[in-house]
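Trainee: Task: produce atomic coordinates for the following.
(chains A and B)
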Amino acid sequence: MQAMTLQKTSFWVLVAIILAFLTLPALVVIMTSFNPTEILRFPPQGFSLRWYARAFTYSDFQNAFYSGLIVTVVASTIASVVGVAAAYIIDRYQFTGRRLLEFILVSPLIVPRFTTGFGFLLIGAQIGLAGSYPLVILTHIVLVLPFVMRSVYVSLANIDPALERAAANLGASPINVLMRITVPLLTPGIVGGWIVASILSFTEFTASLYVTNYSTQTLPVAMYTYVREYTDPTIAAISALLIVSTTVGMFVVDRFLGLKRILAIETH
Amino acid sequence: MTAKDRLQETGTDSVVEIDKVAKTFGSVTAVNEVSLSIRRGEFLTLLGPSGCGKTTLLNMIAGFEAPSAGQICFDGRDVTAVPPHQRETGMVFQNYALFPHMNVFDNVAFGLRMRKLDKQAIAREVGHALDMVKLSGMAERRIRQLSGGQQQRIALARAIVFKPKVLLLDEPLSALDKNLRTQMQFELKELHEKTGLTTVFVTHDQGEALSMSDRIVVMSRGEIQQVSEPLELYSRPVNSFVASFIGEINQLPAARLRTQGGLVSFEFPGALTLATHRAAHTLPGDNESVRIFVRPEHVSVAEEAGDAANVVSATVVSHIYQGTHTVTRVESAALGRIDMRVPGGRIKEEKPAGSPIRIRFALDDAVVLREGAA
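Mentor: Here you go, the predicted structure:
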């Protein structure tokens, strides 16, 4: 009986330690961001919002925020359109090279980020697009595509093929079946995939470091440059903002995944 | 001869003509040269065990599968190459396949919207269809708020609302519990009478088939075994597959048929002879080796002092009491295991397991098939 209690206790202590280590870096960063002094130190010596003020007014961050936003919105949207079409075709049609196509589309998952970034840097230099928005956006599309496709695959697998047959039986042409049945049922997956892609794109650093220049740099790249020059807690403040906005984004995704259940793709 | 020619020749009013239709998947033959004509307004059942090809045949009528060979005509028009959305068939799927992102009204209205009816006509027709399935108040409900039985009715309403040429039912009752299934059998039958829609019903349940159909098509291994009205199918199966698939039946060991005067007798191994007064011309010829199938209701307990003809001694093995009757299983040295149907439940006390029993065979309604042809 006592051995059981001991086992139980040590199990929960272990869980608590793991959870603490998972959240600790984020907590430390958030607490440091309120530090009133100019030195990055922990624990904080008081409470101040001055570094948040600086994060919002520092022009490099402002510019990087807007570039990052442009890259994220354009890249995630294009990746979603391409990803939905590719996932649908791969899932629903049999053709030669189907497996190869699927492998190529998800290969960025196994290729190191710096390789992808370096590769696009070389290509960009060759065709005179180095550091330009098209190059940054293209890089991000390639990086987030596998995540969009995965999200759409899950939604596709959840659609009962009998639903599409039923619509055809009731007189819906193939295009009507797609627009009235398949796409509406895929919507939660598409929206969820888009949000995940946005978060990944907005916070992507490694590949972005290679393909951006000063005018197109995204927020993580600007933050990296900042840390190399300054040691004040502005970087902690902006990190805290990123953590909070990412958390909100993930919460929304979860709502949508939950929505999938509410929409009841549970016809069986 | 094409299906169309035959239609004109016989003058039968058929809605669907299936002419030598086959379907192979790789090396597997799911449907093997099936020809069938479905009459206007009839309730036709495709009956068979799973894998017999009945669902594949239904899918070919709906247009979901293209035949590997043969032709399908609707009202004399070849539709073999017509895609499903232009076939005007209404289908109820096994799991209903209601659209989860639409409410009841939009589900039922779907077929009408595809046919571009105006708003008022849609509202009127949907209301009418919901009345038919007794769910008029449910138009605004979401699909997940409905019970299995209600989903079933909505699926029916959705399939009949646009007055299809033929209504296709793919094992629609299999997902319901037993009481609801019986209830829905009555309602389906009623709906069929009200709408007069030509209906093709697919099932593996012979009880459903017998109780609901005008005609039953028994299928096995991709081929049609028999097409008959329920009574005919039950009393005169054409082969051993149909005999043993429809209802309960005892298959007796091989026997030799003898005709003598007005009497037909069957000689079993072990000097046992059973006889019947049936007209010899309804049976295989003299001296043929035959198989006899006897339903449990045609085997009874022999009275002690009665006529000894067609009486066989046996031993009771077990009883299954079923309310109105008891199914008693006996073992006979000459004939093997025989199930008999005894009215009431008293036999369980009168003849407990292990007791000797004398049973009488009534062979006037037995199925007699030539050995080999069976």
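
Trainee: Could I get the full set of helices for the stretch 151-268 of chain A?
Mentor: Along the stretch 151-268 of chain A, the segments classed as helices by DSSP state H, counting those that start in this stretch run A:161-169, A:174-177, A:183-203, A:206-211, A:219-229, A:234-262.

Trainee: typo on my end, the stretch 201-350 of chain B
Mentor: Using DSSP H, counting those that start in this stretch, helices in the stretch 201-350 of chain B cover B:206-212, B:230-235, B:240-245, B:347-350.

Trainee: Quick check: which of the ones you listed is nearest to chain A?
Mentor: helix B:206-212 (20.8 Å; C-beta to the nearest C-beta). Using the backbone N, CA and C atoms, a C-beta is placed for each residue, glycine as well.

Trainee: which other residues reach the closest one?
Mentor: B:43, B:45, B:47, B:173, B:181, B:185, B:188-189, B:201, B:203, B:216, B:230, B:233-234, B:245-247 (C-beta atoms under 8 Å, 6 or more residues apart in numbering or on different chains).

Trainee: now with 7 Å?
Mentor: B:43, B:45, B:47, B:173, B:185, B:188-189, B:201, B:203, B:216, B:230, B:234, B:245-247 (C-beta atoms under 7 Å, 6 or more residues apart in numbering or on different chains).

Trainee: Also stretch B:356-374?
Mentor: Contact with stretch B:356-374 is made by B:235, B:237, B:239-240, B:243, B:254, B:274, B:276-278, B:283-284, B:288-294, B:298-302, B:310-316, B:330, B:338, B:340, B:351, as judged by C-beta under 7 Å, 6+ apart.

Trainee: just to revisit the earlier point, could you dump the helices of the stretch 151-268 of chain A into TSV and include mean pLDDT?
Mentor: Below are those laid out as TSV (pLDDT from 0 to 100):
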stretch	mean pLDDT
helix A:161-169	94
helix A:174-177	93
helix A:183-203	88
helix A:206-211	93
helix A:219-229	92
helix A:234-262	77
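
Trainee: which bits of the stretch 51-200 of chain B sit near chain A?
Mentor: B:62, B:64, B:84-85, B:89, B:91, B:93, B:95, B:97-101, B:110-111, B:114-115, B:143-144, B:158 (C-beta under 7 Å from any C-beta of the partner chain).

Trainee: distance of the spatially closest residue to A:Thr218 that is not a sequence neighbour from A:Ala162?
Mentor: Once flanking residues are discounted, A:Thr218 sits nearest to A:Gly68: 3.9 Å by C-beta to C-beta, 6 or more residues apart in numbering or on different chains. Distance from A:Gly68 to A:Ala162, counting by C-beta to C-beta, to the nearest Å: 44 Å.

Trainee: Those two - which one has more neighbours?
Mentor: A:Gly68 (26 against 20; other C-beta atoms under 10 Å in any protein chain shown).

Trainee: next SSE after the helix or strand harbouring B:Gln152?
Mentor: Assigned by DSSP states H and E, B:Gln152 falls within helix B:148-160. Note on helix B:148-160: by DSSP H and E, the next helix or strand toward the C-terminus is strand B:166-170.

Trainee: Could you spell out the sheet neighbours of that following strand, each with its direction?
Mentor: Under the criterion DSSP bridges, strand B:166-170 sits next to strand B:89-92 (parallel), strand B:199-203 (parallel) in its sheet.

Trainee: where in chain B is pLDDT low?
Mentor: For chain B, the stretches with pLDDT under 70 are B:1-12, B:280, B:305-306, B:373-374.

Trainee: okay, now the domains of it?
Mentor: B:3-245, B:251-370 (automatic domain parsing).

Trainee: Mean neighbour count added to those domains, as a markdown table?
Mentor: Below are the domains of chain B laid out as a markdown table (neighbours: other C-beta atoms under 10 Å in any protein chain shown):
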| stretch | mean neighbour count |
| --- | --- |
| domain B:3-245 | 19 |
| domain B:251-370 | 16 |
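
Trainee: May I see these organised as CSV, with distance to A:Pro44 added?
Mentor: Below are these laid out as CSV (distance: least, C-beta to C-beta, whole Å):
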stretch, distance to A:Pro44
domain B:3-245, 50
domain B:251-370, 82
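
Trainee: For B:Ile154, which of the strands paired with strand B:166-170 is the nearest?
Mentor: Closest approach to B:Ile154 among those (C-beta to C-beta): strand B:89-92, 9.9 Å.

Trainee: Show me how far that closest one is from its chain's centre.
Mentor: 19 Å (C-alpha atoms, centre = their mean, to the nearest Å).

Trainee: Apart from its neighbours in sequence, what residue is nearest residue 67?
Mentor: As the question left the chain open, I've gone with chain A. A:Thr216 (5.2 Å).

Trainee: other chain: chain B
Mentor: Using C-beta to C-beta, 6+ apart, the nearest residue to B:Pro67 is B:Val21, at 4.7 Å.

Trainee: For chain A, see how far away the one you found is.
Mentor: Noted for B:Val21: a distance of 19 Å to chain A, by C-beta to the nearest C-beta, to the nearest Å.

Trainee: ditto for B:Tyr321
Mentor: Taking C-beta to the nearest C-beta, one finds B:Tyr321 at 37 Å from chain A.

Trainee: For that residue, which residues are in contact?
Mentor: Counted by C-beta under 7 Å, 6+ apart, B:Tyr321 has contacts B:345, B:348.

Trainee: if you set the cut-off to 6 Å instead, what comes out?
Mentor: Contacts for B:Tyr321 (C-beta atoms under 6 Å, 6 or more residues apart in numbering or on different chains) come out as B:Gly345.

Trainee: Return the set of residues that bridge with it.
Mentor: Using DSSP bridges, the beta-bridge partners of B:Tyr321 come out as B:Thr326.

Trainee: the domain parsing of chain A - what is it?
Mentor: Domain assignment for chain A, taken from automatic domain parsing, gives A:27-57+A:233-250, A:63-217.

Trainee: Centre of the chain to the first one, how far?
Mentor: Translated: domain A:27-57+A:233-250. From the chain centre to the centre of domain A:27-57+A:233-250 is a distance of 22 Å (C-alpha atoms, centre = their mean).
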